[in-house]
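Participant: sequence plus the predicted model coming up.
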Amino acid sequence: MKLGVYIHIPFCRKKCLYCDFSSSARDVGRYYLSYTAALCREITGRGGVLSEYTVDTIYFGGGTPTLFPADAFATMIERLKDCCAIENDAEITVEANPDTVNEDKLAALRGIGVNRISFGVQSFDDGVLKAAGRIHSSRAAKIAILTANKCGFDNISLDLMYGLPEQSLASFGESLREALALPVHHLSVYGLKVEAATPFGEWLAAGRLALPDEDEEDAMYSEVVKFLPEQGYHRYEISNYALTGYESRHNLKYWRYQPYLGLGAAAHSFLKGRRFANTKNIDEYSAMLGQGQLPTNEEELLSIQNAMAEYVFLALRTADGLEYIGFKERFGIDFIGRYGEVVKEMTAKGALSQDKRGIRLTSVGMKYGNVVFAAFLPE
Amino acid sequence: MNTANIRNFSIIAHIDHGKSTLADRILEYTGTLSAREMEDQVLDHMDLERERGITIKAQSVRLDYKARDGQTYMLNLIDTPGHVDFTYEVSRSLAACEGALLVVDAAQGIEAQTLANVYLALEHDLEIITVINKIDLPSADPERVKTEIEDVIGLDTSDAVLASAKTGIGIEEILEAIVQKVPAPTGDRSASLRALIFDSHFDSYKGVIVYVRVVDGVIRPGMKVKMIATDKRFEVTEVGIFRPHLVGVDELGPGQVGFFAASIKNVKDTRVGDTVTDAERPVNEPLPGYRKVTPMVFCGLYPVESSEYDTLRDALEKLQLNDASLIFEPETSVALGFGFRCGFLGLLHMDVIQERLEREYNLALITTAPNVIYMVYKTDGEVLKIDNPSHLPTPQEIDRIEEPYVKATVIVPNDFVGSVMELSQEKRGEFKDMKYLDPTRVMLTYHLPLSEIIYDYFDRLKSSTRGYASLDYELSGYKASDLVKLDILLNGTAVDALSVIVHSDRAQYRGRLLAEKLRGIIPRQMFEIPIQAAIGNKVIARETVRAMRKDVLAKCYGGDISRKRKLLEKQKEGKKRMKQVGNVEVPQEAFMAILKMD
């Protein structure tokens, strides 16, 4: 059986103003050795389950994984190889911040087998970057991407955001065009969602955060969904666009309900119908592993109702949508028999399209995914 | 007990003149309830009654009173509601009595319902004892109020009792007046049973509990009785009195008020106003009952979840057991599915029923805008009674439409006469009469369309007179009006449950307002929703609900799917239950929007 491995590196030089992900802005130089050691212990500790699978994707996410030196990645990958089979053509991704890589590091990463790099660029407008609390400049981003390409990366992804403070439709459109002028094969484009427990959240609550108005943000959204496919980047998931063949194999596992193991603090796993997660606390994470304990501190055994609902809303995120046969194979239940009413309602509202094989979101449905997804949740 | 020592009486009053408090004091004074059992508004059992401080359902209680003459009297107090909607309940209660306490607020004086209630009492030939209440208030002016009562009603107030139910002043005098002035009931113990049904309620163990006033004969357990109007026979299983909780007794004799149970499953078998007689030895002549209750206000009640239809029907049936004035029949709406068209005595009654359904039966309901019954004369000679606007025939088929009018009595300080006249005119009222009650207070009489009363007349009357006006009305007949049906189209489709019948002069204005109001009520959805108001094929107003904001979780955080699902669950929970009308989700309050417009 195939397995995706996610490795969480919860360190950042500075937290972005909108970010509520699990990461710490502490001094990485002091911590990376102990964190890498703990992570290797976790790999060994999960050796039993790992040995049952063949790993075909590895994804280093963060935080800012590229704060770590390349040899840390090599160490972790080596430890994985000790515990399980890794396919020769496995997709190995590292998330990178443009300011934390240089030619040496990129070459080293490529050298140890990393074959996909995903840059958190967010915008090519320095005013917008500054307002979002990003540490890099537009110029640094371009250089990093070109350098990565030069170092042999031929599968490069960018994250862009819209709806940011100081961002106009023109600025966003320009960022899209600048991205496509670079050797980029994949784009993840997200709308800003202001989370309460972030500086943006506090400012918004206090009325001190000026965001693009609804119409402008809407125009940015329309721009992405039109422009990128026109340029050959097809929308294979609600927020993800790729040249054919460059879809993220790792991320597709989430949407296709395939198993993945999360390693590192705050990492989430989905194995054998069970979802579990590690402690978010980096010190606790290391301490538990130091005492020979696995760092799992959250666990959910999915009810069949919840499992089906998740399956549906994950599958619907993709352009391929949900195939009846896949649902039936997994749950032994006829999809239309179970969800016929919801499908009918959402189809009538123009949010779903349906054919003999399955259902998928329409462009309306993609825009209002949550409304559709919520309808599939158990009462 | 000898009938000579029985007194049956009601308390009648305008709302807020202190009726329930007076009843409390009387219960306390006669020791019917211990201090421990006493609570405010003892006779108002329903939570709703207590919360709103009103009496909805008439209640009865038997009191023992040792009078100054040394004898003990059996007093049966039958409490009555004060609100105009429940005039019918008052009339039923009065039919079981020989006397009535007319309670008038010493500061406010006569109000519209005071008059209405007095006329009812006089209709029933009752001895009226005037009680000027709240004399402890600094603003009390009992002399002025007495003069008003004499001038306007023509009652002799020389022996009116001055009282304060709040402080207990005058309670004994009231009880003495009842003993001395209210005639003892007459009745023949040996005659065949004749008892008037004045109310009933349903008990899940005993069946229907029938409230009766015995006129002749005796009713006791084991006896076979017959209901004259329905011709149903039952064997009496229990006989009792109200203390105010039910207490069994061996028998009820002439003049007595109490209840009996007879394993009666269906409350319709015990029609209020019917006469109970001895099945073995029946009398043929029923007692004079009272006019059958006629609902005046109608609306559709629909469950938000269509699966709750049966629950709604059961709940309506249960409420009807205790409320004969509630009527309902199944109806179907294209927009709302299966529901019921319900008839009520008035808006308060409608409100109360709706709230009880939601509270006691945990139902989520959609109430359509209330309307009256229209008489539609078709060109082919057919006459239709229309209680649902969507059933109105096309204009080509209609010769004329008649709508119910009421005679409305408004009592108001003379400073506000102008505003009341202005409002009444705006509401298509015809001026009938104006009378000074005293140098500062005026009684105005208007003929008004009932539809205007249920629309917003009362609220506007209150606000334009700073709360000083009181209103009473009674149906006066039907009159032809220039009426049209105003339709609302959502997303291009007419929604039958939103149609209303309005006067043609008002149609344009109300259509525009209703469309605007709906724009505010209908939440933004995945697509743009045009709202149109139309008369026939002519669109008179248009509004648009914009498509909603983008709503999708974009981030994919290291496979944390549980968190995503929980966010979606929260979103789903937070969503109000709404009715799916075509593709549009419509909140409950949209269907009542027309009432809350100005």
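Facilitator: Thanks, I have the structure now.
Participant: I'd like to know how far the residue of the stretch 301-450 of chain B at minimum distance from chain A sits from B:Arg359.
Facilitator: Residue nearest to chain A within the stretch 301-450 of chain B (C-beta to the nearest C-beta): B:Glu305, separated by 10.4 Å. Using the backbone N, CA and C atoms, a C-beta is placed for each residue, glycine as well. In this structure, B:Glu305 and B:Arg359 are 17 Å apart, going by C-beta to C-beta, to the nearest Å.
Participant: show me what contacts the residue of the stretch 301-450 of chain B closest to chain A?
Facilitator: Shown in contact with B:Glu305 (C-beta atoms under 8 Å, 6 or more residues apart in numbering or on different chains): B:Ala364, B:Arg577.
Participant: ok, B:Phe340 next?
Facilitator: Applying C-beta under 8 Å, 6+ apart, we find B:Phe340 in contact with B:Gly300, B:Leu301, B:Tyr302, B:Leu312, B:Arg313, B:Leu316, B:Phe328, B:Glu329, B:Pro330, B:Glu331.
Participant: which among those residues end up buried?
Facilitator: For the contacts of B:Phe340, a burial check counting by 16 or more other C-beta atoms under 10 Å in any protein chain shown picks out B:Gly300, B:Leu301, B:Tyr302, B:Leu312, B:Arg313, B:Leu316, B:Phe328, B:Glu331.
Participant: which positions in stretch B:161-168 come out as buried?
Facilitator: Residues of stretch B:161-168 classed as buried by neighbour count (16+ other C-beta under 10 Å): B:Val161, B:Leu162, B:Ala163, B:Ser164, B:Ala165, B:Lys166.
Participant: now swap in stretch A:214-223 and tell me
Facilitator: In terms of neighbour count (16+ other C-beta under 10 Å), stretch A:214-223 has its buried residues at A:Glu216, A:Glu217, A:Asp218, A:Ala219, A:Met220, A:Tyr221, A:Glu223.
Participant: if we can go back for a sec, now, which of the contacts of B:Phe340 lie close to chain A?
Facilitator: Applying C-beta under 8 Å from any C-beta of the partner chain, the subset of those adjacent to chain A is empty.
Participant: now B:Ile366: phi and psi?
Facilitator: Reported as degrees, to the nearest 10, the phi and psi values for B:Ile366 are phi -110, psi 130.
Participant: specify the beta-bridge partners of it.
Facilitator: Judged by DSSP bridges, the bridge partners of B:Ile366 are B:Tyr302.
Participant: what about it, neighbour count?
Facilitator: Residues near B:Ile366, counting by other C-beta atoms under 10 Å in any protein chain shown, number 27.
Participant: and it, how far from B:Ile535?
Facilitator: Taken as C-beta to C-beta, the span from B:Ile366 to B:Ile535 is 24 Å.
Participant: residues of stretch B:116-123 that come out buried?
Facilitator: Buried, per 16+ other C-beta under 10 Å, within stretch B:116-123: B:Ala116, B:Asn117, B:Val118, B:Leu120, B:Ala121.
Participant: in the chain, where is pLDDT below threshold?
Facilitator: All of this refers to chain A. Within chain A, no stretch falls below the threshold (pLDDT under 70).
Participant: look at chain B instead
Facilitator: In chain B (pLDDT under 70), the answer is B:1, B:34-58, B:81-89, B:289-293, B:554-558, B:596-598.
Participant: in it, which spans are helices?
Facilitator: Assigned by DSSP state H, the helices in chain B fall at B:19-29, B:47-52, B:87-95, B:112-123, B:142-148, B:171-181, B:309-322, B:347-360, B:417-426, B:450-452, B:458-464, B:504-521, B:561-574.
Participant: now tabulate those in a markdown table and tack on distance to B:Leu336.
Facilitator: Formatted as a markdown table, the helices of chain B follow (distance: least, C-beta to C-beta, whole Å):
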| stretch | distance to B:Leu336 |
| --- | --- |
| helix B:19-29 | 38 |
| helix B:47-52 | 25 |
| helix B:87-95 | 29 |
| helix B:112-123 | 35 |
| helix B:142-148 | 49 |
| helix B:171-181 | 51 |
| helix B:309-322 | 11 |
| helix B:347-360 | 15 |
| helix B:417-426 | 32 |
| helix B:450-452 | 22 |
| helix B:458-464 | 26 |
| helix B:504-521 | 15 |
| helix B:561-574 | 23 |
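Participant: residues from the stretch 51-200 of chain A in reach of chain B?
Facilitator: A:Gly61, A:Tyr190, A:Gly191, A:Lys193.
Participant: hmm, which two among the residues you listed are most spread apart?
Facilitator: Farthest-apart pair in these is A:Gly61 and A:Gly191; separation 19.8 Å (C-beta to C-beta).
Participant: between those two, which one's more packed in?
Facilitator: Neighbour count, other C-beta under 10 Å: between A:Gly61 and A:Gly191, A:Gly61 has more, with 25 against 20.
Participant: name the element that one belongs to?
Facilitator: strand A:54-62 (DSSP states H and E).
Participant: buried residues, stretch A:236-246. List them.
Facilitator: Quick answer for stretch A:236-246 (16+ other C-beta under 10 Å): A:Tyr236, A:Glu237, A:Ile238, A:Ser239, A:Asn240, A:Tyr241, A:Ala242, A:Tyr246.
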